[in-house]
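Colleague: Here is my input, please return the structure:
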Amino acid sequence: MRLVIVEDSLLMRENLLRLLSAHDGLTVVGTADGEDQAYSLILEQRPDVALVDIALAQGSGLALLRRLRATPGLAPRLLAMSNQPAEPYETLCRVAGADAFFDKGEDTGILLAQLASWLPPLPLDEPRRQHRLQQLQVLGTPAEAALDAIARLAARIAQTPVGVISLVDAHRQWFKARVGTEIESTSRSVSFCAHTLLHDGLFEIEDARRDPRFADNPLVRGEPGIRFYAGMPLVMPGGEVLGSLCVIDTQPRRLGETAREALAVLARSVTDELELRQRVAELEEEVARRHEAEARIMHLATRDALTGLPNRAALMDRLHQGIRTAQRSGNLLGVLFLDLDRFKWINDTLGHEFGDALLQEMALRLSRAVRDSDTVARLGGDEFAIVLNELWRIEDAEAVAAKLIDVVTRPLVLRGHKLQVGGSIGVAVYPCQAHDEESLLRHADLAMYHAKEAGGNRYQLFSEQMNARAVERMTIETELRAGIAAGELELHYQPQLRFDDGRLSGMEALVRWRHPRFGLLQPGRFVPLAEDTGLIWELGLAVLELAVAQMAQWERAELGVPRVAVNVSPAQLRPELVGQIESILARHGVSASRLEIELTESALTADGPAVNGLLKALRHMGASIAIDDFGVGYSSLTLLRRLPISALKIDRSFVAELETNRQDLAIVEAIVTMAHSVGLRTIAEGIEHDGQHAALGVLGCQEGQGFLFARPLDAAAMDWLAARVADVVDDPDCVGCA
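Modeller: Presented below is the predicted three-dimensional model:
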């Protein structure tokens, strides 16, 4: 219900505003404090009800009532208000045109009750009805020919000037279709159709002026001057009544039986049309949802979830399309295969969340470094592939590869950590190195491995020789498993001597593979392959078995070999390793104190707590633990103090130029000092000259091994060497002559 308040008392006006605004269904559309201002406001707003104070400071409330009633087509319900008693003022107000009177001294509940009496009753299922109406999404929509035709036919059958399809929402009725009237909507409070909602069948008013429910209705007293109304409720299949199909006339009348039946049929046609609209809308929404879901599934199927880059499936499609384009244009197509260097160390040390952030940063860098027409894809882990379209020369692909190496190796700061990551890139170009997408990607991958083997932070163009090496690598991988089972592995041993007296302090066991066709293979030919393929566990156990068996044999021959060091790969650091070593030692009757486990620095940072527990178990067993190639990795003094380590092996790269390079001399001195400060033995590797031997002794290094003392020899030769060392322990001059 739309209201206008005419009141010259500011306090009373504000109180009325507060009172009326608190009730749903009542809307104050304006206020005035004088007669002329009020008349203009009501003429403009056409409210359903005007509350008029009869004692206005400017003009007269009674005069305003008379003016409003004298204005043709303007017929709001008028409620007069006064501080004076009802008698005789109520009579004066009604004579002037008021429909009701309110004594301001009375309870405001009386005022609200009067306004409520002018509101149509609400259906019992009003919330459900409103929800159903909103579901249809038909309110405020454009005219539709089908519904306009129904309204026109209804008016023609009923022989009335007006036919309307009315939908009643919370506060208004809106005409979805109309014939014979320009009115688009009215407030619900004056709506005849709001009464139709409560009827099962036709709701008919033969003469509204004679019906006490509608005689004072603004639509009856004013424009359009309704006298006759007949409305057939629009009942949806669920029972909700949304509005009505109605016919209206300005003359009293009564419908015949045929017209009543026709209105019922037409009303069902309207609800069928509305139901069909909703079904169509639901189908359209379902289609849209499916398209969206399909697009989302396609995105997930073709995109890497972490970086948002195309995945392998999308990459292969781009490669296929790129090859077809290159075939037509005669240009080249480049494929780059990128693998980040040191990513696993970063991921294991700083955590997977940090590793994920690093991959996202690299994806962003790579995408920004190439053209929009190129493709950057993530293949998994720390591997990326880049497709370069429309190249003129192979050198163009190499130039991009060099640029990407520079991009990848630039320092970055992530979560407070400053890092510098490396990368290796393999390059393959269509049609020079391959003619299909699978071969292009495989050849780029092979070239990347060669770049990594060459030291990383570089790119490598594919060549056919790499393919031959890959075939050899695959052959070796196949034969290595059989070779381990067939006992083709053998150990060579290199002595470790004490600097102070030249005595033998131990042996380092070095694995070799006596291949049936390729001869004796050095560990570099098959150990990395074993680590990549998962064979390192079987290989490592075989090496331990051979070493411990040899220790038992030397012990039975009474050869004084105090300790044998065996290299263990980080991939072997499983919880079950301790049990396997115990079983091997027990099987051969060898004390754990004679076994030393050699680990690289990278093994110390792989899953820290688990490794720490495993190393403690080995030490508790009695075995000693040495860190191999110390100085080239990233160990810290804190890490060395925390882990149960026995010895540090100084890497040969620091020993090689020890006599001439002051920097290497300082590094070795620092390593020795640090090791002794935490109670660790020091063993220098790669000693080849007397000068290196002397310098290491002066710096305080305790033990050493290298060609100066002996090359790695098989067990038969080592029997002789062990005996030889035992004979000369009292003659320091003979230390290097073995």
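Colleague: does residue 401 count as helix, strand or coil?
Modeller: Under DSSP: H, G, I helix; E, B strand; the rest coil, residue 401 falls in the helix class.
Colleague: Below-threshold pLDDT in the stretch 251-400 of the chain: ranges please.
Modeller: 299, 345, 348-349 (pLDDT under 70).
Colleague: go with 90
Modeller: 273-308, 311-315, 317, 322, 326-331, 340-358, 372-373, 379-382, 390 (pLDDT under 90).
Colleague: How many residues are close by the residue lying closest to residue 543 once chain neighbours are set aside?
Modeller: Once flanking residues are discounted, residue 543 sits nearest to residue 511: 5.0 Å by Cβ to Cβ, 6 or more residues apart in numbering. For glycine as for every other residue, the C-beta is placed from the backbone atoms N, C-alpha and C. Other residues within reach of residue 511, judged by other Cβ atoms under 10 Å, total 22.
Colleague: Confirm residue 346 sits in a strand?
Modeller: No: the assignment for residue 346 (three-state DSSP) gives helix, which keeps it out of a strand.
Colleague: contacting residues around it?
Modeller: 354-355, 358, 419, 421 (Cβ atoms under 8 Å, 6 or more residues apart in numbering).
Colleague: Using PyMOL, make a named selection holding only the buried ones among these.
Modeller: Typed into PyMOL, the line below selects the buried ones among those, using 16 or more other Cβ atoms under 10 Å:
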select buried, resi 354+355+358+421
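Colleague: Widest-spaced pair of the contacts of residue 346?
Modeller: 354 and 421 (11.8 Å; Cβ to Cβ).
Colleague: Other residues contacting the helix or strand hosting residue 496?
Modeller: For residue 496, the host element (DSSP states H and E) is strand 489-498. Applying Cβ under 8 Å, 6+ apart, the external contacts of strand 489-498 come out as 483, 503-514, 539, 542-543, 546-547, 550, 564-565, 683, 702-705, 709-715, 718, 721, 725, 735, 738.
Colleague: buried set for it?
Modeller: Neighbour-count burial for strand 489-498 flags 489, 491-498 (criterion: 16+ other Cβ under 10 Å).
Colleague: Over to stretch 208-225?
Modeller: 208, 214, 216-222, 224-225.
Colleague: Of those residues, which is the nearest to residue 195?
Modeller: Among those, and counting by Cβ to Cβ, the member closest to residue 195 is residue 214, at 8.6 Å.
Colleague: thought the closest one was touching residue 191?
Modeller: No: using Cβ atoms under 8 Å, residue 214 is not in contact with residue 191; the gap is 10.6 Å.
Colleague: Now do the contacts for residue 43.
Modeller: 71, 74.
Colleague: can you pull the pLDDT of it?
Modeller: In this model, residue 43 is scored at 94, pLDDT.
Colleague: I'd like to know how far it sits from residue 16.
Modeller: Distance check for residue 43 against residue 16: by Cβ to Cβ, to the nearest Å, it reads 21 Å.
Colleague: Pull out the buried residues from the contacts of strand 489-498.
Modeller: For the contacts of strand 489-498, buried by 16+ other Cβ under 10 Å: 483, 503-513, 539, 542-543, 546-547, 550, 564-565, 683, 702-705, 709-710, 712-713, 715, 718, 721, 725, 735, 738.
Colleague: Might you specify the subset of these located within strands?
Modeller: 504-513, 564-565, 683, 703-704, 713 (DSSP state E).
Colleague: Using the three-state scheme, assign residue 25.
Modeller: coil.
Colleague: so it makes contact with residue 187?
Modeller: No: taking Cβ under 8 Å as the definition, residue 25 is not a contact partner of residue 187, at 9.3 Å.
Colleague: which of these two has more neighbours?
Modeller: Under the neighbour definition other Cβ under 10 Å, residue 25 and residue 187 were set side by side, and residue 187 has more, 21 against 15.
Colleague: Tell me which residues of the strand or helix carrying residue 670 come out buried.
Modeller: Under the criterion of DSSP H and E, residue 670 resides in helix 662-677. Using 16+ other Cβ under 10 Å as the test for burial, helix 662-677 gives 664-665, 667-668, 671-672, 674-675.
Colleague: Equivalent analysis for stretch 43-62, please.
Modeller: 46-54, 56, 59, 61-62.
Colleague: Taking those residues, tell me the two that lie furthest apart.
Modeller: So, the buried residues of stretch 43-62 by Cβ to Cβ: farthest apart are 48 and 59, at 22.8 Å.
Colleague: which residues of the stretch 201-350 of the chain fall in helices?
Modeller: 218-221, 257-302, 312-329, 343-350 (DSSP state H, counting those that start in this stretch).
Colleague: which one of these has the most crowded surroundings?
Modeller: Comparing the helices of the stretch 201-350 of the chain by mean neighbour count (mean count of other Cβ atoms under 10 Å), helix 218-221 ranks first with a mean of 21.
Colleague: contact partners of that one?
Modeller: So helix 218-221 is in contact with 48, 75-77, 186, 190, 192, 208-209, 214-215, 225-227, going by Cβ under 8 Å, 6+ apart.
Colleague: One more: stretch 403-420?
Modeller: Contacts of stretch 403-420 (Cβ under 8 Å, 6+ apart): 336, 338, 340, 346, 350, 354, 357-358, 361-362, 365-366, 369-370, 386, 421-423, 425, 457-459.
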